[in-house]
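A.B. asks: what's the 3D shape of this:
(one chain, ligands or ions: 1)
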Amino acid sequence: MPKTERMKKEKLIVFRKLLDRQRGEISSQIQHLGDEALNKTLRESSGNLSSHTLHMADLATDNYDRDFSLSLVGNEQKVLNRIDEALKRIEDKTYGYCIKCGKKLPEKRLKAVPYAELCIKHQEEEESVNK
Ligand SMILES: [Zn+2]
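C.D. replies: I've put the predicted structure just below:
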């Protein structure tokens with residue numbers, strides 16, 4: 001981590017606001033998606049006898065929808081974790097730098113993705129590993 005250049009306090013405050021807002025939005029999305037998935041599960045498990053007439057294809061679609069909602073929740077949860085990490089870095093005043101090489105992240109990128117934690121190079125590396 002380079003000691004010479006640290007993000008200005010005023011800027012950190014701006015990004016903290018951005019992160020806080022995004023955190024709120026994602027939390028309510030997770031809540032919403034979770035409720036939806038739960039409702040579907042309840043509907044299925046309390047299904048009456050007439051549900052036996054359902055085609056298998058319909059059931060499969062329903063399951064797919066639920067899995068899809070759940071995987072969305074998973075993704076959102078990951079973003080939420082990254083936002084929390086970013087907020088921690090704001091507290092530590094290490095925010096705005098690649099966590100791997102300490103390179104300064106372009107402000108444009110931080111404005112688009114305030115929880116960005118890697119420079120482009122390391123981001124690409126990370127993505128190719130996860131593929
Ligand atoms: Zn890097």
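A.B. asks: I'd like to know which elements the least confident helix or strand in the chain by mean pLDDT is packed against.
C.D. replies: Ranked by mean pLDDT, DSSP states H and E, the weakest helix or strand in the chain is helix 56-92, scoring a mean of 85. Contacts defined by 3 or more C-beta pairs under 8 Å, 6 or more residues apart in numbering; DSSP states H and E place helix 56-92 against helix 9-45. C-beta here means a position set from N, CA and C on the backbone, and glycine is covered the same way.
A.B. asks: buried stuff in the helix it packs on?
C.D. replies: Neighbour counts over helix 9-45 (16 or more other C-beta atoms under 10 Å) mark 12, 14-16, 18-19, 22-23, 26, 30, 33-34, 36-37, 40 as buried.
A.B. asks: that helix relative to helix 56-92, how many degrees between them?
C.D. replies: Helix 9-45 and helix 56-92 are oriented at 160 degrees to each other (axes from the mean of the first three to the mean of the last three C-alpha atoms, to 10 degrees).
A.B. asks: tell me the average confidence for helix 9-45?
C.D. replies: The predicted model assigns helix 9-45 a mean pLDDT of 90.
A.B. asks: which strands and helices lie in contact with it?
C.D. replies: Under the contact criterion of 3+ C-beta pairs under 8 Å, 6+ apart, helix 9-45 touches helix 56-92, helix 107-112.
A.B. asks: nearest spatial neighbour of residue 18, skipping sequence neighbours?
C.D. replies: In space, and not counting its chain neighbours, residue 18 is closest to residue 114: 4.4 Å by C-beta to C-beta, 6 or more residues apart in numbering.
A.B. asks: alright, calling it a day.
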